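Enquirer: sharing a model prediction with you, sequence too.
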Amino acid sequence: VAHEDALGRLDAAAGDGDHGATMVRGLRAANAAADAATGSAGDLLMTAGADFARAAGGASGALVGALLTTTGRTLRSG
């Protein structure tokens with residue numbers, strides 16, 4: 001949250017300037033999912049990743065969501 005405006009300014013140089021807001025939305029959703037999660041660390045990351053992707057949307061949401069869910073899946077498989 002502290003860097004939301006700075007990320008937006010950097011993104012505005014080559015894009016639409018919404019990267020900071022996108023990341024904040026995604027991280028808030030992932031944090032809420034993690035707070036409510038039960039189960040293993042892998043389960044937590046899979047849930048947080050899916051919620052990040054849904055809340056953030058766009059390419060950043062898909063990429064960060066995939067990172068979190070893939071990490072969670074890897075942890076679950078052991």
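Expert: Okay, I see it.
Enquirer: residues touching the closest residue to G72 other than its chain neighbours, list them.
Expert: Once flanking residues are discounted, G72 sits nearest to L45: 3.1 Å by Cβ to Cβ, 6 or more residues apart in numbering. Placement of C-beta: from N, CA and C, glycine included. Residues in contact with L45 (Cβ atoms under 8 Å, 6 or more residues apart in numbering) are L68, T69, T71, G72, L75.
Enquirer: what about the last one, distance to H19?
Expert: Per Cβ to Cβ, to the nearest Å, L75 is found 28 Å from H19.
Enquirer: so between the two, which is more surrounded?
Expert: H19 (21 against 15; other Cβ atoms under 10 Å).
Enquirer: not counting sequence-adjacent ones, nearest residue to that one?
Expert: That would be D11: by Cβ to Cβ, 6+ apart, it lies 3.7 Å from H19.
Enquirer: ok, back up a step: just the buried ones from the contacts of L45?
Expert: With neighbours counted using 16 or more other Cβ atoms under 10 Å, the contacts of L45 contain these buried positions: L68, T69, T71, G72.
Enquirer: how about the contacts made by the second one?
Expert: By Cβ under 8 Å, 6+ apart, the contact set of T69 is L45, M46, G49, A50, A53.
Enquirer: ditto for the third one
Expert: Residues in contact with T71, defined by Cβ under 8 Å, 6+ apart, are G42, L45, G49.
Enquirer: run the last query once more with 10 Å
Expert: Contacts for T71 were tallied using Cβ atoms under 10 Å, 6 or more residues apart in numbering; they are A41, G42, L45, M46, A48, G49.
Enquirer: how many neighbours does the fourth one have?
Expert: By other Cβ under 10 Å, 23 other residues sit near M46.
Enquirer: and what of the fifth one?
Expert: Other residues near A48 come to 27 when the count uses other Cβ under 10 Å.
Enquirer: which pLDDT value belongs to it?
Expert: pLDDT recorded at A48 is 97.
Enquirer: and if you look at A55?
Expert: Looking at A55, its pLDDT is 98.
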